[in-house]
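Asks: mind looking at a prediction? Sequence and model below.
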Amino acid sequence: MTSEPKSVLEIRDLRTRFDLHEGSIEVVRGVDLSIVEGEMLGLIGESGSGKTVTGLSILRLLPPNAHLSSAVLRFADTELQGLSDRQFQSLRGRRLAMIFQNPMGAFNPAKRVDWHLREVIRTRERSDAAWRELATTALRTVGIPRPERVLRLYPHQLSGGMAQRILIAMVLALEPDLVIADEPTTNLDNIVERQILGLFRRLQTRLRAAFLFITHDMTLAAALCNRIAVMYAGKIVEIGPTRQVFEAPRHPYTQGLIATAIALKTRAARLKEIAGDPPNLANPPPGCPFSPRCAQVMERCRAIEPPMFGPPQHQARCFLGESA
Amino acid sequence: MSTAAPTLVQLQNLSVSFSGRASDPTRQFRAVDDVTVDIRGGEILGLVGESGSGKTTLAKALLRLHRPSEGRILFRGVDLATLGERALRPYRRDLQMVFQDPLSSFNPRQTVAQALSLPLRLHAICPRDQIPRHVDGMLVRVGLSPAFGSRFPHELSGGQLQRVAIGRALTLSPHVLVADEAVSKLDVSVRAQILNLLVDVQTAHALSILFITHDLHVARYLCHRIGVMYFGKLVELGPTEEIFTRPRHPYTRALLGTLEENAGPDDADPITAPPSATGCRYGSRCPHTVRRCTEVHPALEASAEQHLVACHRWHELGELA
C-alpha cells in the first residue's frame, strides 16, 4: 500500500440491545472497529459473543425489538446513523454486501439462478441486454463450468458449495466496497471450504473491497485475514495484526483459544481447557466478563472492567497489559 | 492401541437404502453402500468424510435406529441387523449415543435428574430408592455437582448439557458409545473440556467409541483408527498415524491436503462434481481416473498391515502424489 489507504468502515462505541419479555439484553456492548480498503478483518468469537449481531447492526438487518446506538458508524464518507431507511437501502446490496452461513436462505426458492443474478446486476447496470454476459462472466470467475446451464437451475438443485459460489458471484457482480461474510464456510466440508476461501482471497485482491470475515474458527481467520479482532461478551477484547495476535496473544482468552488449537494440532497428552462457560449477557459478571474463567485473574478484575491497553496496532482489554 | 484388541462389533457388507421419492418408491438411494468395518474393544474409531457421505446413517444403523437393507451387524456373535424390537431391547443398553445438539436431545420439561434416572428405571438397573444416589454419582463422574439434578435443560450451558448427555449414555454401562459430532456445536472454549471428558470415560470404562466428525484435527487427536467415507463407501481405513502420514486414497489425500500448514486457501479451484454413478464414486473428482475406475468400484485391499484402501491405483500413486 503506497498512499494512505482509504477508510471504508469506522465504528465507535457500537451498542445493540434487544428488548425481550423478561427485560432487555445488551448483546453488543461498545464495539470499536475500523477497516480500510483492501483489508480483511477477521472477527472471531464463540456463539453468543455478539459477532453476528455486530455484522447485522452495520447492515441494519436487525429485528424490530433491537435498539442500536453508536458514537460513529461511518461507511466511506457517509455517516450511516443519520440515513433514512430508504437512503440506506440504496447502499445495502449495492455498496454493502453480506454473505451468510446458510447460502440457501439467501435464495428465493421459487426463482431460478438467472433471476437472482439479474436482480443484482440491475442495481448497477441499466441496460438489460448486458446482464447475461455479466452473469456468465461472474459465474465463470467463481469456478462454475457451463454457467449457461447453471443459470437455469433452481436453488434446491444446487449443492451447498455451488450455492455459496453463486452468492459470491452475485457479490462479485455487485462490486461492493464492503463485504460482511458471516461464517460463510461453516456448513461446507473441508475441501469445498478451502476452495471458497481461495475465492474470497481473489475477490479481495480484485475488488480492493474491505472484508469483515466473521468466524469462530481461529485457524481459518489466520489463513485469510490481515488483522484479527477477538470478541467476548459483546466487546472486542483483543485486536491486532494476525501474526502478532497468534504469536504473542495479549488477552488470556485469546491465549486459551490458541493453546487449545495448538494442543489439538500437536496432539498433546491432554488438552488445555478454558474452565467454565461463556457468560450470560442478561446477567453479566461485574468487572471483566472473562474474570470468572481466567487463570490469571487479579483482585480488581472482578470489580473494574479493564479498558484497552497496548500500542495502537495491537491492543487487549486486560489489566495484564497495563505496564506494557 | 495394540493389534491384540479383540473385535467387539463387526459390520459386514452393511448397506442402508432410502426410497427416493414418494412418487417413485422403487427408486432407491444407498446412503451406506456395502461397508465392512469392525470396532475393537476399548478403541476410538473415527469416521470422517464430508456431509452426506453416510457417516451418521452408518452410526444409526449400528444402533438400529435405521434398519439396514443388507448386511450384518455382529455384536457378541448376534446379528443385530435382523432382530425385532423386542429381541433387540437387551442389546440397546450396550450401544448408546451422544448427539450433536445437546439441547434438542433432552426433553425440555424434564429435570436433569429425571433424564438421568429414566434409563435406570426402564432397564431396572437398581432398586428405586437407589436411583437418586446413582444419578448424583453420574453427575459427579462427568464433572458436574449433584445440584444440577434439579435444573432444567434450558438452564444449562451447551458444555454442561453435553456432560449430562454423556452421563446419560454411560448410565447403562454400555460397551459401545456412538458420538456423532459431539463437540461440533459446542463453543470453542468449551470443546477441550468435553474432549478431555470423553478420553477420561473411555479409559475408565474401556469403552469403544465410534466418533463421527468432520474436524480432522479432532479426529487425529482423539481416535486410534480412522475410516474415511465418500458417498456411502468406506474408501480408506487404518491406524490414525498411518492414515495421516501415509494416506493412500486420492480423496483422503485431498482431505488431508486442507490441513497442511502452508496450504491456505485453494486457488486451483476444481469443481465439485457429483459422485460417479458407476465405478469408483470418487472417479468424477479424482485427478488419477483411468478407464478401470469408471467401470468397477474398487474393493478394499490392504496397502500395509491394518491399512485398507479402496483404489485401483493406490500402489502406482506411491507415497505422495
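Replies: That came through, no problem.

Asks: what's the domain layout of chain B?
Replies: Annotated domains of chain B cover B:7-20+B:28-94+B:172-317, B:105-171 [automatic domain parsing].

Asks: roughly how far apart are the residue nearest the centre of chain B and B:D101?
Replies: The centroid of chain B falls nearest to B:I212 when counting by C-alpha atoms, centre = their mean (3.4 Å). Here the criterion is C-beta to C-beta, to the nearest Å. By it, B:I212 lies 14 Å from B:D101. Bear in mind the C-beta positions are built from the backbone N, C-alpha and C, glycine included.

Asks: what do you get for B:H224?
Replies: To B:D101, B:H224 is 26 Å away according to C-beta to C-beta.

Asks: kindly report the same for A:Q164.
Replies: 23 Å.

Asks: those two: which is more packed in?
Replies: Between A:Q164 and B:D101, counting by other C-beta atoms under 10 Å in any protein chain shown, A:Q164 is the more crowded of the two (29 against 17).

Asks: least confident secondary structure element in chain A?
Replies: helix A:190-207 (a mean of 81; mean pLDDT, DSSP states H and E).

Asks: the helix or strand of chain B with the lowest mean pLDDT near chain A anywhere?
Replies: The helix or strand of chain B with the poorest confidence is strand B:24-40; it has a mean of 86 (mean pLDDT, DSSP H and E). No - judged by C-beta under 8 Å from any C-beta of the partner chain, strand B:24-40 stays clear of chain A, getting no closer than 15.4 Å.

Asks: helices or strands up against that strand?
Replies: When contacts are defined as 3 or more C-beta pairs under 8 Å, 6 or more residues apart in numbering or on different chains; DSSP states H and E, strand B:24-40 sits against strand B:7-21, helix B:55-62, strand B:70-75, strand B:208-212, strand B:225-230, strand B:233-239.

Asks: around chain A, which positions in the stretch 1-150 of chain B sit nearby?
Replies: So the stretch 1-150 of chain B meets chain A at B:G49, B:E50, B:S51 (C-beta under 8 Å from any C-beta).

Asks: what packs against the lengthiest helix in chain B?
Replies: When chain B is parsed with DSSP state H, its longest helix is helix B:188-205. Packing partners of helix B:188-205 (3+ C-beta pairs under 8 Å, 6+ apart): helix A:252-266, helix B:158-170, strand B:208-212, helix B:216-222.

Asks: please pick the buried ones from the residues of the stretch 1-150 of chain B next to chain A.
Replies: By neighbour count, with 16 or more other C-beta atoms under 10 Å in any protein chain shown, the residues of the stretch 1-150 of chain B next to chain A hold B:G49, B:E50 as buried.

Asks: give me the subset of the residues of the stretch 1-150 of chain B next to chain A lying in helices.
Replies: Among those, no residue falls in helices (DSSP H).

Asks: could you dump the residues of the stretch 1-150 of chain B next to chain A to CSV with pLDDT?
Replies: Formatted as CSV, those follow (pLDDT from 0 to 100):
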residue, pLDDT
B:G49, 89
B:E50, 82
B:S51, 77
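
Asks: what bridges to the residue nearest to the spatial centre of chain A?
Replies: Nearest to the geometric centre of chain A sits A:I214, at 2.7 Å (C-alpha atoms, centre = their mean). In this structure, A:I214 bridges to A:L43, A:D182 when assessed by DSSP bridges.

Asks: how about it, what does it touch?
Replies: Residues in contact with A:I214 (C-beta atoms under 8 Å, 6 or more residues apart in numbering or on different chains) are A:G42, A:L43, A:K51, A:T52, A:T54, A:G55, A:I180, A:A181, A:D182, A:E183.

Asks: which residues touch the closest residue in space to the third one that isn't next to it in sequence?
Replies: Right, A:K51. Of all residues not flanking A:K51 in the chain, A:G45 sits nearest, at 4.1 Å (C-beta to C-beta, 6 or more residues apart in numbering or on different chains). Contact analysis of A:G45 by C-beta under 8 Å, 6+ apart lists A:K51, A:H216, A:V230, A:M231, A:Y232.

Asks: near chain B, which residues of the stretch 201-324 of chain A?
Replies: A:201-202, A:216-218, A:223-224, A:253, A:256-257, A:260-261, A:263-265, A:267, A:270-275, A:277-278, A:293.

Asks: hmm, which of those are the buried ones?
Replies: Buried residues within these, counting neighbours by 16+ other C-beta under 10 Å: A:201-202, A:216-218, A:223-224, A:253, A:256-257, A:260-261, A:263-264, A:271-274, A:277-278, A:293.

Asks: could you pull out the strands for chain A?
Replies: Under the criterion DSSP state E, chain A contains strands at A:7-20, A:23-36, A:40-44, A:66-69, A:72-75, A:78-79, A:96-99, A:178-182, A:210-215, A:227-232, A:235-241, A:315-316.

Asks: got TSV for the ones you listed, with distance to B:M229 too?
Replies: Below are the strands of chain A laid out as TSV (distance: least, C-beta to C-beta, whole Å):
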stretch	distance to B:M229
strand A:7-20	41
strand A:23-36	39
strand A:40-44	30
strand A:66-69	42
strand A:72-75	46
strand A:78-79	50
strand A:96-99	29
strand A:178-182	29
strand A:210-215	26
strand A:227-232	34
strand A:235-241	39
strand A:315-316	42
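
Asks: right, and these - which one's nearest B:P174?
Replies: With C-beta to C-beta as the measure, strand A:210-215 is the member of these nearest B:P174 (35.7 Å).

Asks: and the angle from the closest one to helix A:190-207?
Replies: 160 degrees (axes from the mean of the first three to the mean of the last three C-alpha atoms, to 10 degrees).
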